[in-house]
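Undergrad: predicted model and sequence below, questions to follow.
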Number of protein chains: 2
Amino acid sequence: MPPKRARPREAELADRLHSAAIHLLRWLRREDAATGLSAPRLSALSVLVFGGGPVTLGQLAAAEQVRAPTMTRLVNGLEADGLVTRQADPGDARVTRIRATARGRALLEAGRARRVEALARPLANLSAEEQAVLARAAALIEQLAAGARR
Amino acid sequence: MPPKRARPREAELADRLHSAAIHLLRWLRREDAATGLSAPRLSALSVLVFGGGPVTLGQLAAAEQVRAPTMTRLVNGLEADGLVTRQADPGDARVTRIRATARGRALLEAGRARRVEALARPLANLSAEEQAVLARAAALIEQLAAGARR
DNA sequence: GATACTAATTAGCCTAGCTAACTATCACCT
DNA sequence: AGGTGATAGTTAGCTAGGCTAATTAGTATC
């Protein structure tokens, strides 16, 4: 048995949260095959659909933690499939704004619905109190991630 | 504004949990560049290191939701880097068991430590009660994911 | 208006995903 | 025992997704 260093309480908690998030998403990801899209395209599209308004290619690349040329080709593919459109930015002719089409939006929302349903099913078996714990946790995590992003 | 269908409480909760997990991991993933490994290799290695004992190539492929040939090449790369070894299975000569080397283990644990530390830092600013909520949530999620995997 | 900076694309290279086809081994079964 | 079929892994060959370097076009600065 390797000697384990003593760790602060927060590290222990961080480790468990981290694992839980990984296992949760690894499980839900199995629903994505039904969309017919690859993981990178699906993820980029989701930024467009759930991220609010249209976004520049560079912002999209940053959000996906990918270089600009990679995003150019990803967007090319999505555009060829009719899921996304490019449009010129008024005021700066260098940037191209990317926006999901109605079809892209519909496809993504259906996929998201499958994931959410897969998760909602077992959630229904939890007590109201347990559900409340999860709801608070989700809010806390969003707050942490938002804070750290700054 | 599109008309929103009424949704059961669990779907609402599932949606928030899902988003929180995505945002959490998207943020923590930024630490991974320091390992020098690609995301697929890192993920496969983590199954080996944290998944307990040695694992067959097929099990590893299933865990990563990837086909066998993909995993063969991924393991080839990890083996070439000295992070993993293949060993024959006693009792069935068809299967090859994959095991992380000491170097692989060390590399992965360092990477994990970076992620965990990045998460632990802001966690320290939460109250003890908030931390307890997150700990319970992590346990509940592990339970859900384990249950649904069956 | 020359110079430097910035956004996106293009070119070209490797890795990571897939299916199909192959090899080797095992399990069965009569 | 030996044939038949199933199973584990690899190989071959394709497309998609990651990168850097170089290009193109537009903005900003001075």
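TA: Yep, that arrived.
Undergrad: what's around A:G147, how many residues?
TA: 11 (other C-beta atoms under 10 Å in any protein chain shown). C-betas here are computed from N, CA, C, even on glycine.
Undergrad: ok, it - contacts?
TA: Going by C-beta atoms under 8 Å, 6 or more residues apart in numbering or on different chains, A:G147 touches B:P122.
Undergrad: can you check the pLDDT for it?
TA: According to the prediction, A:G147 has pLDDT 82.
Undergrad: list the buried residues for stretch A:39-53?
TA: Neighbour counts using 16 or more other C-beta atoms under 10 Å in any protein chain shown place A:40-49 of stretch A:39-53 among the buried residues.
Undergrad: wait, which of these is closest to A:S19?
TA: Nearest to A:S19 out of these is A:S43 (C-beta to C-beta; 21.2 Å).
Undergrad: how much space between the nearest residue in space to that closest one that is not next to it in sequence and B:R29?
TA: Nearest residue to A:S43, sequence neighbours excluded (C-beta to C-beta, 6 or more residues apart in numbering or on different chains): A:E64, at 6.2 Å. Per C-beta to C-beta, to the nearest Å, A:E64 is found 10 Å from B:R29.
Undergrad: how far away is A:L57 from chain B?
TA: Remark: distance between A:L57 and chain B (C-beta to the nearest C-beta, to the nearest Å) = 18 Å.
Undergrad: how about A:A62?
TA: Computed as C-beta to the nearest C-beta, the A:A62 to chain B distance reads 11 Å.
Undergrad: can you pull the buried residues of the helix or strand hosting that residue?
TA: Here A:A62 sits within helix A:57-63, counting by DSSP states H and E. For helix A:57-63, burial by neighbour count (16+ other C-beta under 10 Å) applies to A:57, A:59-61, A:63.
Undergrad: mind checking how far the next helix-or-strand element following that helix is from the chain centre?
TA: For helix A:57-63, the succeeding helix or strand toward the C-terminus, using DSSP H and E, is helix A:68-80. Mean C-alpha position of helix A:68-80 versus that of the full chain (C-alpha atoms, centre = their mean, to the nearest Å) differs by 18 Å.
Undergrad: list the contacts of helix A:68-80.
TA: Among residues not part of helix A:68-80, those counted as contacts by C-beta under 8 Å, 6+ apart are A:40-41, A:44-45, A:57-58, A:60-61, A:64, A:66, A:84-86, A:98, A:104.
Undergrad: which of the buried residues of stretch A:39-53 lies closest to DNA strand D?
TA: Closest to DNA strand D out of the buried residues of stretch A:39-53 is A:P40 (3.7 Å), distances taken as C-beta to the nearest atom of the strand.
Undergrad: mind listing what the closest one touches?
TA: By C-beta under 8 Å, 6+ apart, the contact set of A:P40 is A:64, A:66, A:74.
Undergrad: swap the cut-off to 6 Å and go again
TA: By C-beta atoms under 6 Å, 6 or more residues apart in numbering or on different chains, the contact set of A:P40 is A:L74.
Undergrad: where in chain A is pLDDT low?
TA: The model of chain A has pLDDT under 70 over residues A:1-6, A:148-150.
Undergrad: out of everything not next to it in sequence, what's closest to the closest residue to DNA strand C within it?
TA: Ranked by C-beta to the nearest atom of the strand, the top residue of chain A for proximity to DNA strand C is A:G58, at 2.6 Å. Counting by C-beta to C-beta, 6+ apart, A:G58 lies nearest to A:A68, which is 6.0 Å off, once chain neighbours are set aside.
Undergrad: helices along chain A, start to end?
TA: Secondary structure of chain A (DSSP state H): helices located at A:9-28, A:39-50, A:57-63, A:68-80, A:102-123, A:128-149.
Undergrad: with distance to B:L25 added, can I get those in TSV?
TA: Listed next are the helices of chain A as TSV, based on distance: least, C-beta to C-beta, whole Å:
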stretch	distance to B:L25
helix A:9-28	5
helix A:39-50	11
helix A:57-63	14
helix A:68-80	19
helix A:102-123	14
helix A:128-149	9
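Undergrad: do stretch A:84-103 and DNA strand D meet at all?
TA: Yes - judged by C-beta under 7 Å from any atom of the strand, stretch A:84-103 and DNA strand D are in contact via A:91-94.
Undergrad: return the residues of chain A in contact with DNA strand C.
TA: A:56-59, A:68-69, A:71-73, A:75-76, A:86, A:92, A:94-97.
Undergrad: go again using 10 Å as the cut-off
TA: Taking C-beta under 10 Å from any atom of the strand as the contact definition, chain A meets DNA strand C at A:33, A:38-40, A:55-62, A:67-76, A:79, A:86, A:88-89, A:92-98.
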